[in-house]
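>>> Quick one, structure for this:
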Amino acid sequence: VYVPHRIDFKGPIKTEDVVCLQENGSFQIRGRLIKAPAKGCSLLAEKDKSYRNKKQLKQNISRSTTVNNLNQSILFSIKKVDYFIKTKFFDDTVRNIIAKELGSKQLMRLAIEDLLFSLPQKEDDWIKAIENSKVTAGDRWLLILPDSHPFVIYYPLILGFLGGANISVRLPQQFNQGSSVDIFIDRLSTLLSCKINKIDTSYRIKDKSDLSPFDYLLCYGSNDTINRFDMDFSDKLKGFGQVFSTSIIDATDTKTLELAVKDAFSLGQAGCFSSQAIFFLSPDQQDICEIYKILRNTYFSVFSDEQKNLFSLDSLNQEISRYKKLGARVFSESNLSLPLFPFVDFQNITGSFASFLSKHTFVLPFFYNVDYLQLVNLFERVEAFKLITATSSLLNHCQILNSNNFEYRILGCANRPVWDGFHQKTNLFCK
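I've put the predicted structure just below:
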């Protein structure tokens with residue numbers, strides 16, 4: 001810089017200051033170059049910078065102390081819950097009860113395996129899941145569970161509790177006293193010295209006064225139930241209704257079909273994301289009889305520990321008759337202890353696609369002769385599609401679908417939702 005008032009030295013002076021130069025020629029001192037000693041006006045800048053840094057440091061320390069104290073409390077509970085689920089809860093007594101609830105020991109084993117896979121793997125993942133769920137400490141939530149399967153309880157109950165919410169659970173008749181759900185709530189309450197209120201199965205919500213003890217209602221159920229609650233209690237309701245899930249494959253080898261069958265039946269086809277159909281992408285003509293044999297043999301190999309009737313004779317005959325009227329091919333050897341696998345030529349579908357899906361569990365339509373672009377069009381038209389599982393070779397192609405509604409998982413992981421604080425693409429507890 002030049003200093004015109006100096007008479008002893010008329011040349012420029014190298015100051016080693018860092019400045020912000022304005023258009024009118026003025027400048028603002030920002031500090032000194034790295035390793036340059038502080039001099040002159042820069043002393044003021046350094047003093048101000050030091051003051052601001054110390055003030056920010058104090059604020060950070062205060063905030064960090066508060067967050068750290070909170071996190072330490074949560075982390076202590078997380079460690080206990082994580083250890084409890086992974087090593088203590090699923091003892092022989094509970095396993096036998098779950099096997100009875102799901103219908104077989106193999107279904108029990110697969111369900112527990114999927115649950116343990118879904119859990120957050122690190123403490124930071126647990127914290128992130130709680131944050132993503134948008135649960136607020138002190139909020140009073142009533143959880144209404146479906147009677148489809150017992151594993152639906154773990155995710156909202158644990159994240160809600162760890163987030164500090166006051167949780168009450170209305171147990172369905174099927175999972176009332178003595179059920180795996182009932183035992184889990186009792187053991188979790190004992191483990192963490194807390195009270196999780198169990199509402200009797202006879203409790204019904206008729207009007208707003210019935211919800212007065214609660215701030216919010218978290219409900220899993222049929223679309224009719226969710227819509228009815230939404231009409232009357234929209235300000236309190238967080239509802240999750242029925243969605244469509246499907247598997248997309250490009251091969252029919254035993255391993256691929258085994259994973260597709262697992263996606264459908266590992267929770268008795270009663271899970272939120274259990275597959276309800278298989279779409280087979282192949283440019284070649286396929287031997288439908290051979291594919292059926294592999295599906296049948298795969299089912300028996302995976303779920304062969306206990307043979308039981310999946311249908312009544314009347315319900316099986318009704319489903320077979322319905323699918324034949326829709327133009328599907330149903331094999332005559334279908335029986336009461338084997339899932340129904342109707343084969344549908346995708347190019348011959350007429351009317352609503354939903355008519356090809358069954359409300360009865362253990363029915364898995366197999367769509368062949370499928371064109372990818374037509375399938376994309378179908379997914380974009382039917383809003384109820386929420387989950388697509390696919391072989392690794394197809395997964396990247398599936399993800400080009402222009403929609404934020406879909407979740408994508410590798411084939412075999414339909415019932416392994418990551419505990420990340422979201423469900424059906426929304427925050428679990430966010431109203």
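>>> if I look at the residue nearest to residue 222 when sequence neighbours are not counted, how far off is residue 414?
Closest residue in space to residue 222, ignoring its immediate chain neighbours: residue 242 at 6.1 Å, by Cβ to Cβ, 6 or more residues apart in numbering. Just so you know, the C-beta spots here come from the backbone N, C-alpha and C atoms, and that holds for glycine as well. Residue 242 sits 15 Å away from residue 414, going by Cβ to Cβ, to the nearest Å.
>>> Comparing these two, which residue is more hemmed in?
More crowded of residue 242 and residue 414, by other Cβ atoms under 10 Å: residue 414, with 28 against 17.
>>> Check the secondary structure at the more buried one for me.
At residue 414 the chain is in coil, as set by DSSP: H, G, I helix; E, B strand; the rest coil.
>>> element containing the nearest residue to it once chain neighbours are set aside?
The shortest distance from residue 414 to any non-neighbouring residue, by Cβ to Cβ, 6+ apart, is to residue 263 (3.7 Å). Element membership for residue 263, per DSSP states H and E: helix 254-265.
>>> for residue 19, same thing?
Using DSSP H and E, residue 19 sits in strand 17-21.
>>> my guess is residue 99 meets residue 111, correct?
No. At 9.5 Å, residue 99 and residue 111 do not qualify as touching, with contact defined as Cβ atoms under 8 Å.
>>> Between these two, point out the one with more neighbours.
residue 111 (22 against 19).
>>> The helix or strand hosting that one packs against which elements?
Applying DSSP H and E as the criterion places residue 111 in helix 105-118. Applying 3 or more Cβ pairs under 8 Å, 6 or more residues apart in numbering; DSSP states H and E, one finds that helix 105-118 contacts helix 92-102.
>>> contacting residues around residue 199?
Listed by Cβ atoms under 8 Å, 6 or more residues apart in numbering, the contact partners of residue 199 are 142, 168, 169, 170, 171.
>>> Which of the residues you listed fall in strands?
Counting by DSSP state E, the contacts of residue 199 place 142, 168, 169, 170 in strands.
>>> Out of those residues, which one has the weakest pLDDT?
The lowest pLDDT within these belongs to residue 170, with 90.
>>> pretty sure that residue is touching residue 201, no?
Yes. Here residue 170 reaches residue 201: they are 7.0 Å apart, a contact under Cβ under 8 Å.
>>> more crowded one of these two?
Set side by side, residue 170 and residue 201 show more neighbours around residue 170, with 19 against 15, by other Cβ under 10 Å.
>>> and residue 369, that one's in a helix?
No. Per three-state DSSP, residue 369 lies outside any helix segment and is strand.
>>> how far away is it from residue 140?
Distance, residue 369 to residue 140, using Cβ to Cβ: 53 Å.
>>> who has more neighbours, the two?
More crowded of residue 369 and residue 140, by other Cβ under 10 Å: residue 369, with 18 against 14.
>>> Helix or strand: which one has residue 292?
Take DSSP H and E as the rule and residue 292 turns out to sit in helix 288-302.
>>> Would you mind getting the angle between that helix and helix 105-118?
Going by axes from the mean of the first three to the mean of the last three Cα atoms, to 10 degrees, helix 288-302 is angled at 80 degrees with respect to helix 105-118.
>>> which parts of helix 288-302 are buried?
288, 291, 292, 294, 295, 296, 298, 299, 302 (16 or more other Cβ atoms under 10 Å).
>>> Equivalent analysis for stretch 136-146, please.
136, 139, 141, 142, 143, 144, 145, 146.
>>> Could you report the distance from the second one to residue 412?
In this structure, residue 139 and residue 412 are 36 Å apart, going by Cβ to Cβ.
>>> Averaging pLDDT per element, find the lowest-scoring helix or strand in the protein.
helix 41-83 (a mean of 62; mean pLDDT, DSSP states H and E).
>>> Low-confidence stretches in the protein?
1-13, 18, 20-25, 28-71, 283, 304-307, 332-334, 397-405, 431 (pLDDT under 70).
>>> thinking again about what came up before, so which of the buried residues of stretch 136-146 comes closest to residue 228?
Nearest to residue 228 out of these is residue 144 (Cβ to Cβ; 12.1 Å).
>>> I'd say the closest one and residue 216 touch.
No. The criterion here is Cβ under 8 Å, and residue 144 misses it with residue 216 at 11.3 Å.
>>> what sits in contact with each of those two?
Counting by Cβ under 8 Å, 6+ apart, residue 144 and residue 216 have no contacts in common.
>>> Dump the buried residues of stretch 136-146 to TSV, plus distance to residue 19.
Formatted as TSV, those follow (distance: Cβ to Cβ, whole Å):
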residue	distance to residue 19
136	48
139	52
141	57
142	62
143	61
144	65
145	66
146	67
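>>> Identify, from those, the entry nearest to residue 420.
residue 136 (18.1 Å).
>>> Distance of that closest one relative to residue 82?
With Cβ to Cβ as the criterion, residue 136 and residue 82 are 23 Å apart.
>>> quick one: buried residues of stretch 280-290?
Along stretch 280-290, these residues count as buried under the neighbour rule (16+ other Cβ under 10 Å): 280, 281, 288.
>>> Just name the closest of those residues to residue 26, please.
Closest approach between the buried residues of stretch 280-290 and residue 26, by Cβ to Cβ: residue 281, at 67.8 Å.
>>> Now do the contacts for that closest one.
Contacts for residue 281 (Cβ under 8 Å, 6+ apart) come out as 248, 249, 250, 370, 372, 375, 394.
>>> now the strands for the stretch 301-431 of the chain?
Secondary structure of the stretch 301-431 of the chain by DSSP state E, counting those that start in this stretch: the strands cover 343-345, 366-370, 385-390, 407-410, 422-423, 426-427.
>>> Make JSON lines from the ones you listed and add distance to residue 313 to it.
Shown next, in JSON lines, are these (distance: least, Cβ to Cβ, whole Å):
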{"stretch": "strand 343-345", "distance to residue 313": "22"}
{"stretch": "strand 366-370", "distance to residue 313": "23"}
{"stretch": "strand 385-390", "distance to residue 313": "32"}
{"stretch": "strand 407-410", "distance to residue 313": "36"}
{"stretch": "strand 422-423", "distance to residue 313": "37"}
{"stretch": "strand 426-427", "distance to residue 313": "41"}
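>>> Can you tell me which of these is packed in deepest?
Most buried of these, by mean neighbour count (mean count of other Cβ atoms under 10 Å): strand 385-390, with a mean of 24.
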